[in-house]
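Peer 1: I would like the atomic coordinates for the input below:
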Amino acid sequence: MNLSGLFSVEFRRLFLSKRLWAVSFFCLCGPLAGYKWIRFSAADMLLGRYIANPVLAGTVIGGLLWALFALYESNRLHKAQMDELSKAVVTPLQLALSRTLALLTLSFFTCILCGFIYLPYTINTLNEMFDLKVYAASFFIFMMPAWIISILISCALYQITARTDTAALIYTLFVFMNAGNFFKGDYFLQWLLPLVVSFSDAYSNITPLRIGLYTRIMWLFLSIGLFIFSFFCIRRYQKNLTDSFAFNIRRPFSLLLSAVFLLAGILMWINQPFISRGLYRFDSGFANESGYKTDTSVKNASLKLSFDTTPGIVNGVIQYTITESDGKLEDYFYLNAGYKILRITLNGEGIPYTTEKRVTNGVRKTIFTLPPSARNQSLVIEYKGYISNPRYLGSYIIDEVSSGFIQLMMNGNSIPWNPSFIFDKECSEDSDSYSIELTLPRSLVPMINYTVMSEFTDNADGSRTWKNETEKFNYNNVELNITAARFETVYFNAADMNIAFVFSEKLKENIIKYDIPAAIADVLNFGTEHIGKLPFSGSGGNLTMLVHSGISGGYGFALPGVIQWPEQSFSPVNLDDAFAGANAAELFVHEVIHLWWGMTVPCEDDGLWSNEGLTVYMTYRYMKEKYGELYANLYYTDNWRAMTDAQKRSFYIRKPEYLEKLPAAYRSLIEDINNINRYHKMPLMILEIEKLIGSQKLDEILQNATAKHLEYSFDNLFTFNNFLDACGIKMEDINLE
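Peer 2: From the prediction side, this is the model:
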């Protein structure tokens with residue numbers, strides 16, 4: 001019987017098997033666990049909650065079920081003592097191959113059926129947020145390949161070991177390594193459960209999909225190579241593994257094919273373009289190379305960037321005018337490890353350069369020497385490549401280039417970082433000295449260093465070129481942060497500041513529905529009245545508020561004139577949370593108040609003094625003033641007391657010597673002491689201090705602290721001792737009973 005005929009027989013036999021239907025049923029039920037019980041990604045966004053988590057749960061559950069079923073089917077004939085009889089009809093190789101192909105085909109159709117089953121519910125739940133491309137790609141990139149890889153690995157392990165128990169044990173070890181800390185934070189070793197931080201509702205999801213597709217292809221090559229290699233281990237004529245291998249190796253072509261697939265997978269792992277390999281170094285030697293001796297000074301820098309958005313390629317040209325150089329010393333610059341320098345020219349003539357292979361903090365060093373005649377000549381550096389993110393960022397991919405979202409945030413990703421150049425004094429004082437030109441898809445609006453660009457020209461190819469005709473940038477800044485998306489901007493005034501609130505157009509409905517600008521203005525006015533003026537406020541003071549992608553860091557921060565939120569703060573998942581209080585918009589009040597306390601209040605080790613505790617307390621004060629004491633007590637003080645009391649009642653908190661004897665995993669499950677102290681005990685302590693000295697006196701202390709400490713300087717922090725001294729009380733005066 002030929003292979004196609006045997007495949008038809010195996011497919012029909014498996015299709016009529018009750019066990020196959022049971023496996024398929026539980027695979028189809030797998031995504032249900034992701035809606036509530038299993039969370040493999042952040043569920044603060046709608047697409048994360050209703051697409052990423054269900055698909056990832058189904059991926060893992062289905063992968064395990066198909067592996068078990070494949071092992072059972074591989075051992076079925078041997079268990080029934082029919083394997084020797086079957087070898088008289090077909091070769092073991094044909095039988096193993098046809099059985100595996102039938103399993104792969106059935107898993108393929110089960111995955112497609114799974115996608116169709118959950119499609120109506122997902123569309124109905126997400127409404128306008130639903131993205132068919134992300135939904136379909138999740139099943140075809142994450143779920144389906146995982147099932148295929150799982151089947152191939154389990155079948156290969158059985159054929160190598162010829163024992164179900166041994167193969168199952170080895171497979172379990174592979175799963176454990178994926179689920180445990182062995183591969184944690186490494187996208188490319190997550191063979192069963194892919195590392196997906198979340199899906200974005202408002203911005204692009206191309207980064208997790210690109211990495212997921214690349215990783216799945218890599219593991220498909222490796223699993224196919226292992227599966228083909230296992231053919232040589234199939235037992236023949238009741239021989240052992242060694243003798244069977246010696247007999248089967250008579251077909252060297254299959255061994256070569258196995259080696260090709262395995263080598264392809266290994267090369268894909270070594271040469272992956274997404275995460276740069278190399279050193280992580282932030283010591284003074286690396287950071288202070290601006291002190292490097294040089295004889296070169298420059299001015300009139302101009303940057304031109306364009307993008308091939310389908311593959312995610314950056315094309316860059318930066319030009320300097322050399323004002324001084326005697327050609328005696330080397331110059332250098334750093335560029336992202338994923339970029340390749342096309343040429344370096346001086347007045348159109350190429351000059352030699354050397355790029356080091358070593359990667360440090362995601363960048364590589366390029367060294368060159370200018371001739372003595374370089375004065376008043378034009379130095380041009382042209383480069384191109386795919387952004388490679390530094391490994392020290394962990395599971396976050398900060399930078400991206402796609403048709404719907406562009407973000408270049410890290411050193412060396414948008415411009416060469418030139419710490420060896422001396423910037424001409426005239427250039428340093430001239431804000432017009434840095435010209436920037438970005439060519440983007442027409443639908444995108446760029447921001448440079450948190451300033452929205454406004455001047456552009458349309459191109460014949462459908463792109464749009466933006467220039468800083470109005471916005472001025474000084475190239476003494478080491479970092480040049482560029483973000484482009486389908487932005488909407490709302491301008492308004494509050495707390496003596498001009499505010500630009502920038503967000504994705506997909507969030508526009510939520511922003512209008514909850515009147516977010518009015519809520520932000522209200523919080524800023526409250527903070528100015530009770531805490532004091534922000535250092536950057538005043539006549540003509542500008543504040544930019546950016547809602548950024550939740551999968552490119554998932555953090556918020558406050559800097560002079562800038563506040564940045566992750567999109568989760570404005571996601572319907574949070575804004576429609578019934579447990580958040582009567583006013584859904586209050587969820588981001590906390591982040592606005594961080595403008596005062598975000599950087600200059602140190603977080604002490606025990607959590608009893610931190611910027612978070614002060615922010616939680618002032619959020620309570622705002623809610624009390626706006627909605628009344630009953631409301632504030634219900635959602636704040638009562639909760640603080642309940643959590644603090646629970647902490648005191650805990651046996652392990654009262655007896656820390658026993659807590660220390662527990663394994664770390666159990667210790668963290670029992671109590672996160674620092675978080676209780678930070679978010680519950682500290683604001684409760686400040687509330688008790690308020691009762692002792694009065695809210696008016698407390699406001700005066702905070703206003704004085706704002707004027708004295710909050711100039712965004714890490715050398716002048718507002719400490720717990722500063723606070724207690726200003727209040728005129730001691731720690732023992734605070735009664736939390």
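Peer 1: now the closest residue in space to residue 277 that isn't next to it in sequence: how far from residue 366?
Peer 2: Take residue 277 and drop its neighbours on the chain: the residue closest to it by Cβ to Cβ, 6 or more residues apart in numbering is residue 359, 6.1 Å away. C-beta coordinates here come from the backbone N, C-alpha and C atoms, glycine included. Distance, residue 359 to residue 366, by Cβ to Cβ, to the nearest Å: 12 Å.
Peer 1: hey, what's in contact with both of these two?
Peer 2: Residues touching both residue 359 and residue 366 (Cβ atoms under 8 Å, 6 or more residues apart in numbering): none.
Peer 1: Number of residues surrounding residue 269?
Peer 2: The tally of other residues near residue 269 (other Cβ atoms under 10 Å) stands at 17.
Peer 1: Let me see the contact set for it.
Peer 2: Contacts of residue 269 (Cβ under 8 Å, 6+ apart): 188, 218.
Peer 1: Dihedrals phi and psi, it?
Peer 2: phi -70, psi -40 (degrees, to the nearest 10).
Peer 1: measure it to residue 192 for me?
Peer 2: 16 Å.
Peer 1: and what of residue 522?
Peer 2: In terms of Cβ to Cβ, residue 522 sits 48 Å off from residue 192.
Peer 1: When those two are compared, which one has more neighbours?
Peer 2: Comparing residue 522 with residue 192 by other Cβ under 10 Å, the one with more neighbours is residue 192, at 22 against 18.
Peer 1: Shouldn't that one be within a strand?
Peer 2: No. Read with DSSP: H, G, I helix; E, B strand; the rest coil, residue 192 is coil and lies in no strand.
Peer 1: Local confidence estimate at it?
Peer 2: Predicted confidence (pLDDT) for residue 192: 89.
Peer 1: Could you double-check that it lies in contact with residue 59?
Peer 2: Yes. Checked against Cβ atoms under 8 Å, the pair residue 192 and residue 59 is within contact range at 7.3 Å.
Peer 1: Name the residues contacting each of these two.
Peer 2: Shared contacts of residue 192 and residue 59, counting by Cβ under 8 Å, 6+ apart, come down to residue 146.
Peer 1: neighbours around residue 319, how many?
Peer 2: 17.
Peer 1: got the end-to-end distance for stretch 133-149?
Peer 2: Using Cα to Cα, to the nearest Å, one end of stretch 133-149 lies 23 Å from the other.
Peer 1: Tell me which helix or strand the residue nearest to residue 63 when sequence neighbours are not counted sits in.
Peer 2: Nearest non-adjacent residue to residue 63, counting by Cβ to Cβ, 6+ apart: residue 150, 3.9 Å away. Residue 150 belongs to helix 144-161 when assigned by DSSP states H and E.
Peer 1: For that helix, enumerate the helices and strands it packs against.
Peer 2: Here helix 144-161 touches helix 53-79, helix 92-126, helix 164-179, helix 206-230, going by 3 or more Cβ pairs under 8 Å, 6 or more residues apart in numbering; DSSP states H and E.
Peer 1: Format those helices as a markdown table; extra columns: mean neighbour count.
Peer 2: As requested, those are exported to a markdown table (neighbours: other Cβ atoms under 10 Å):
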| stretch | mean neighbour count |
| --- | --- |
| helix 53-79 | 22 |
| helix 92-126 | 18 |
| helix 164-179 | 16 |
| helix 206-230 | 21 |
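Peer 1: Include mean pLDDT and distance to residue 319 when you put those helices into JSON lines, please.
Peer 2: Shown next, in JSON lines, are the helices and strands packed on helix 144-161 (pLDDT from 0 to 100; distance: least, Cβ to Cβ, whole Å):
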{"stretch": "helix 53-79", "mean pLDDT": "92", "distance to residue 319": "46"}
{"stretch": "helix 92-126", "mean pLDDT": "93", "distance to residue 319": "46"}
{"stretch": "helix 164-179", "mean pLDDT": "89", "distance to residue 319": "48"}
{"stretch": "helix 206-230", "mean pLDDT": "94", "distance to residue 319": "30"}
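Peer 1: Can you verify my assumption that residue 506 contacts residue 129?
Peer 2: Yes. If you go by Cβ under 8 Å, residue 506 and residue 129 touch, sitting 7.1 Å apart.
Peer 1: dump the residue contacts of residue 311.
Peer 2: residue 386.
Peer 1: pLDDT wise, what is it at?
Peer 2: pLDDT, residue 311: 90.
Peer 1: so it sits in a helix?
Peer 2: No. Residue 311: not assigned to a helix; according to three-state DSSP it is coil.
Peer 1: Helices of the stretch 501-650 of the chain, residue ranges please.
Peer 2: 508-513, 516-530, 572-575, 589-597, 611-627, 629-632, 638-649 (DSSP state H, counting those that start in this stretch).
Peer 1: Which phi and psi values does residue 318 adopt?
Peer 2: Here residue 318 shows phi and psi, under degrees, to the nearest 10, equal to phi -120, psi 140.
Peer 1: which residues does it form a beta bridge with?
Peer 2: Counting by DSSP bridges, residue 318 is bridged to residue 303, residue 381.
Peer 1: Check the gap between it and residue 730 for me.
Peer 2: From residue 318 to residue 730 the distance is 58 Å (Cβ to Cβ).
Peer 1: if you count what's nearby, which of these two comes out ahead?
Peer 2: For residue 318 versus residue 730, neighbours defined as other Cβ under 10 Å are more numerous around residue 318 (20 against 9).
Peer 1: How far off centre is the helix or strand hosting residue 242?
Peer 2: Using DSSP H and E, residue 242 sits in helix 241-248. Put simply, helix 241-248 sits 47 Å off its chain's centre (Cα atoms, centre = their mean, to the nearest Å).
Peer 1: Thank you, goodbye.
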